[in-house]
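**Student:** my questions are about this predicted structure, shown below with the sequence.
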Amino acid sequence: MKIAFIALTGMALLGQTSGDLGYTDTPILPGLPYHVHDPARPHPKVVAPAAQPGGAPSDAIVLFDGASLAQWTAARLNLVNPVSTQQPAGWKVENGYFEVVPRSGDIATKEKFGDVQLHIEWAAPTEVRGTSQNRGNSGIFLQGRYEVQVLDSYQNPTYADGQAGAIYGQWPPLVNPARKPGEWQSFDIVFEAPRFDGGKPVTPAYLTVFLNGVLLHNRKEVAGPTVHRALAKYAPQPAEDSLMLQDHGTPVRYRNIWVRRVRGYDQPEK
Ligand code: MG
């Protein structure tokens, strides 16, 4: 036993290539060009986290900083082919948040995205009006197509695949951690864009969603762009497209919105 220990220790020392920074006498990882503990494997870049939880880290693209909708345009929500009008976003900005102006239309980012991590905070109107889907409805459309539902889901009966955090019309959230009307809530979303080959979908989109820090979807497969009272089905689309927010006729508020472009599962380390 003691001899084996010495032998192993000796091998580890011989295998070291640069102090304790890695090994080259180790097995090659299956499907990868690297040894286990390979010193030549690319190191993740350093990202400075925000000073406060929920804040934007150093490599995030801040889409709303509390003051201006300059990074957004008015948009017309077409559930298969979202169209940005290039007109200024007409929603109301005040007190560090912006608010849906009912029936003014949707808004979309000027910048287009593929795979992202998204943080977004929202609040349903304090004054409760309407029921079910008419109460505090809005929506976060990844690539203008895939809706994570925004709804006042505090003691508000509606169909399960339409409540807050639902992948609308497809998957109810695992649980309902909704806060009361008027209280700020946070979504943290990881979106993997679908992959197409020659216009044909080869890999679906996936969504991971937290609401108020509670897991709602764990890399859930998305069936296709969001539709209402119909079955979703993929259609050819660009690799990147705008993030859209929905005007569903109620003055939902948003603040602190940032995204990070994330390396796709099919992209090499570098
Ligand atoms: Mg909606």
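**Tutor:** That came through, no problem.

**Student:** residues of the stretch 1-150 of the chain that sit close to the ion?
**Tutor:** By C-beta under 5 Å from the ion, the part of the stretch 1-150 of the chain that sits against the ion consists of Asn137, Gly139. For glycine as for every other residue, the C-beta is placed from the backbone atoms N, C-alpha and C.

**Student:** output the below-cut-off pLDDT ranges for the stretch 1-150 of the chain.
**Tutor:** 1-19, 77-83 (pLDDT under 70).

**Student:** just the element for the residue in it that the ion sits nearest to, please.
**Tutor:** Nearest residue of the stretch 1-150 of the chain to the ion, counting by C-beta to the ion: Gly139, 3.2 Å away. For Gly139, the element it lies in under DSSP states H and E is strand 138-142.

**Student:** and this structure, what are its domain boundaries?
**Tutor:** 1-41, 61-261 (automatic domain parsing).

**Student:** from those, which stretch is densest packed?
**Tutor:** Highest mean neighbour count among those (mean count of other C-beta atoms under 10 Å): domain 61-261, with a mean of 18.

**Student:** that one spans what distance, first to last residue?
**Tutor:** Using C-alpha to C-alpha, to the nearest Å, one end of domain 61-261 lies 8 Å from the other.

**Student:** run the chain-centre distance for that domain.
**Tutor:** With C-alpha atoms, centre = their mean, to the nearest Å as the basis, domain 61-261 stands 9 Å off its chain's centre.

**Student:** CA atoms of the one helix or strand Asn218 maps to as PDB?
**Tutor:** Under the criterion of DSSP H and E, Asn218 resides in strand 214-221. Written as PDB, here are the backbone C-alpha positions of strand 214-221 (Å, rounded to 0.1, in the frame of the first residue of the first chain):
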ATOM      1  CA  VAL A 214     -36.700  29.300  -8.300                       C
ATOM      2  CA  LEU A 215     -36.100  26.800 -11.200                       C
ATOM      3  CA  LEU A 216     -39.100  26.700 -13.600                       C
ATOM      4  CA  HIS A 217     -37.500  24.900 -16.600                       C
ATOM      5  CA  ASN A 218     -34.300  22.800 -16.700                       C
ATOM      6  CA  ARG A 219     -33.100  22.800 -20.300                       C
ATOM      7  CA  LYS A 220     -36.600  22.200 -21.600                       C
ATOM      8  CA  GLU A 221     -36.900  21.400 -25.300                       C
END
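
**Student:** and the contacts of it?
**Tutor:** 165, 167, 171, 173-175, 177, 190, 192, 204-210 (C-beta atoms under 8 Å, 6 or more residues apart in numbering).

**Student:** direction included, what does it pair against?
**Tutor:** Here strand 214-221 is paired, per DSSP bridges, with strand 206-211 (antiparallel).

**Student:** hmm, back to that, mind checking which of the domains of the chain is nearest Pro49?
**Tutor:** domain 61-261 (11.6 Å; C-beta to C-beta).

**Student:** list the contacts for Thr208?
**Tutor:** So Thr208 contacts Ile189, Val190, Leu215, His217, Asn218, Arg219, Lys220 (C-beta under 8 Å, 6+ apart).

**Student:** want to throw those residues into TSV with pLDDT and distance to Ala70?
**Tutor:** What follows is the contacts of Thr208, written out as TSV (pLDDT from 0 to 100; distance: C-beta to C-beta, whole Å):
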residue	pLDDT	distance to Ala70
Ile189	98	23
Val190	98	26
Leu215	98	33
His217	98	31
Asn218	98	35
Arg219	98	33
Lys220	98	33
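
**Student:** so which of these is the closest to the ion?
**Tutor:** Using C-beta to the ion, these come closest to the ion at Ile189, 14.7 Å.

**Student:** confirm the closest one sits in a strand?
**Tutor:** Yes: counting by DSSP: H, G, I helix; E, B strand; the rest coil, Ile189 is located in a strand.

**Student:** show me what contacts it?
**Tutor:** Val116, Gln117, Leu118, His119, Ile120, Ile140, Leu142, Val148, Leu207, Thr208, Val209, Phe210.

**Student:** fine by me, thanks again.
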